[in-house]
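Trainee: Build me a model:
(one chain, ligands or ions: 1)
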Amino acid sequence: MKKSIIRGSGFFVPPHIVTNQDLTEFMDTSDEWIRQRTGIHQRHWITKEDACGASDLATQAARMALDKAGWQPNDLDFIIFATLSPDIMFPGGGCLLARNLELDSTPALDIRQQCTGFLYGFATADSYIKSGLASKVLLVGAEVHSSGLDKSTRGRDVTVIFGDGAAAICIEAVDTDENVGLIASALHADGHFADTLKTELPASNLFKRLPDDLPIDDPRYYPVMDGPVIFKKAVRMLPKVTMEVLEKAGMNLSDIDLVVPHQANKRINQAFGQFLKLPEDKIFHNIEKYGNTTAASIPLALHEAIETGRIGNSGDVVLFAALGAGLTWGASLYKFP
Ligand code: ACO
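Mentor: Residues are numbered from 1 along each chain as shown. Next comes the predicted model:
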């Protein structure tokens, strides 16, 4: 039976670092508040000089992942691109990424599942692989948040958490009877909570997508979030979906070698770990360096966990888990071959 095996990973963040202290220059916040409430120390943001789209960050991450896999771009037979901050309204970032990789017919699919993008993307790649539709898949998560944030005090709860970045994995179809690769996924969405984290404009549900005479600082242009509601949801749903995916896989908590969760808030992941009664060193964190890079967050953390030797030996089991805008949430289990 065909299994989905990770052959390489890569990442890219724009070089410019924005510290918490830097943010205090344009909004009422503090290093202490941000560290205590989120665990974030800094994030990377594009600058006016190196302004680019999510697909450009994705290209760099993809090239690193392809190198690690020993693949050329034209080895790929499918591209999945996860983002909530596409370069332009359309066409999708997957097509722009394929263009950057000088591909001219490889199928490219965009998915808009925000923080859960990697989980939905991996499950989609796995379905293509298991059905025989693809055998070498590039899955990328990439975000340029910084160009669309409300950098006044009004937007501080959202703006301080978001960072720009991209990360990618190369996934190969391997015929084996061993229980390896993507073992199980559990995915959910509940649109009743769509308003708890959203950017409204431009909106095709309006008579005019960009209403006349709209002030440039209209809050609907910017992401708004009901942070406490999402926080509580995350702390409740992440353990639940973990138990669900473990049951699907016929595994136990003790089978997990490392949890690589979405990096939205360190306190969420600590509470998640405590609820599962997992030792602290079984939860991977890198939010302090990058903030919340949304669709890029899990593959970026995975890449660092592999590169630093935290995970990746034959038989190691990693749990991915995320909750974000949609609301969408999910978990998946991957076993290294
Ligand atoms: N600096 C200083 N003070 C702030 C800031 C800031 N950056 N942001 C908010 N505050 C203030 C608020 O105004 C409020 O002040 P008040 O008590 O005078 O009214 C106070 O701090 C507490 O605000 P809360 O929103 O209750 O703070 P909380 O502890 O919940 O932390 C946070 C906010 C960090 C956003 C948290 O709620 C959170 O992480 N939520 C979940 C985020 C998440 O997981 N999102 C999903 C993923 S992102 C995606 O899908 C795209």
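
Trainee: Could you use CA atoms for every contact and neighbour count after this?
Mentor: Noted.

Trainee: Flag every residue of the stretch 101-250 of the chain that's near the ligand.
Mentor: Within the stretch 101-250 of the chain, the residues that sit near the ligand (CA under 6 Å from any ligand atom) are 114-115, 156-157, 160, 227-228, 230-231.

Trainee: Mind doing that once more with 8 Å?
Mentor: Contact residues (CA under 8 Å from any ligand atom) of the stretch 101-250 of the chain with the ligand: 114-116, 153, 155-162, 197, 225-232, 234.

Trainee: Now the buried members of these.
Mentor: 114-116, 155-162, 197, 225, 230-231, 234 (16 or more other CA atoms under 10 Å).

Trainee: from those, which ones fall inside helices?
Mentor: The helices, defined by DSSP state H, take in 156-159, 230-231, 234 from those.

Trainee: Look at residue 264 and say how many residues are nearby.
Mentor: 25 (other CA atoms under 10 Å).

Trainee: repeat for the one 3 residues further on
Mentor: Close neighbours of residue 267, defined as other CA under 10 Å, add up to 16.

Trainee: Assign a three-state SS to it, would you?
Mentor: Assigned by DSSP: H, G, I helix; E, B strand; the rest coil, the conformation of residue 267 is helix.

Trainee: which residues does the closest residue to it other than its chain neighbours contact?
Mentor: Sequence neighbours aside, residue 38 is the residue nearest to residue 267 in space, at 6.3 Å (criterion: CA to CA, 6 or more residues apart in numbering). With contact taken as CA atoms under 8 Å, 6 or more residues apart in numbering, residue 38 is in contact with 161, 264-267.

Trainee: The lowest-mean-pLDDT helix or strand in the chain near the ligand at all?
Mentor: The helix or strand of the chain with the poorest confidence is helix 266-275; it has a mean of 94 (mean pLDDT, DSSP states H and E). Yes - shown here: helix 266-275 in contact with the ligand (CA under 8 Å from any ligand atom) through 267-268.

Trainee: Show me what that helix is packed up against.
Mentor: For helix 266-275, the elements it packs on are helix 31-38, helix 227-249, judged by 3 or more CA pairs under 8 Å, 6 or more residues apart in numbering; DSSP states H and E.

Trainee: Could you list the buried residues of the first one?
Mentor: Read it as helix 31-38. Here helix 31-38 shows 31, 34-35, 38 as buried, counting by 16+ other CA under 10 Å.

Trainee: Number of residues surrounding residue 82?
Mentor: The burial count for residue 82: 36, using other CA under 10 Å.

Trainee: Confirm for me that it is in contact with residue 125.
Mentor: No - using CA atoms under 8 Å, residue 82 is not in contact with residue 125; the gap is 11.9 Å.

Trainee: so what sits against both of those two?
Mentor: Common neighbours of residue 82 and residue 125 (CA under 8 Å, 6+ apart) are residue 139.

Trainee: so what pLDDT did the residue nearest to residue 267 get?
Mentor: Looking at residue 38, its pLDDT reads 97.

Trainee: again, but for residue 212
Mentor: Reported pLDDT for residue 212: 84.

Trainee: helix, strand or coil for it?
Mentor: coil.

Trainee: separation between it and residue 73?
Mentor: Distance, residue 212 to residue 73, using CA to CA, to the nearest Å: 44 Å.

Trainee: Likewise for residue 322?
Mentor: For residue 322, the distance to residue 73 - CA to CA - is 29 Å.

Trainee: Those two: which has the busier surroundings?
Mentor: residue 322 (31 against 16).

Trainee: quick one: what helix or strand has the more buried one in it?
Mentor: Assigned by DSSP states H and E, residue 322 falls within strand 317-324.

Trainee: avg pLDDT for that strand?
Mentor: 98.

Trainee: what distance separates that strand from the middle of the whole chain?
Mentor: 10 Å (CA atoms, centre = their mean, to the nearest Å).

Trainee: which helices and strands sit right next to that strand?
Mentor: helix 117-130, helix 227-249, strand 258-261, strand 328-335.

Trainee: and the first one, which residues are buried?
Mentor: For helix 117-130, burial by neighbour count (16+ other CA under 10 Å) applies to 117-126, 128-130.

Trainee: Can you tell me which of the ones in helices among the buried ones among the residues of the stretch 101-250 of the chain next to the ligand is closest to residue 306?
Mentor: Of all those, residue 306 sits closest to residue 234, with 25.4 Å by CA to CA.

Trainee: what sits against the closest one?
Mentor: Residue 234 neighbours (CA under 8 Å, 6+ apart): 268, 322-323.

Trainee: okay if I get those as JSON lines plus distance to residue 106?
Mentor: Shown next, in JSON lines, are these (distance: CA to CA, whole Å):
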{"residue": "268", "distance to residue 106": "38"}
{"residue": "322", "distance to residue 106": "29"}
{"residue": "323", "distance to residue 106": "30"}
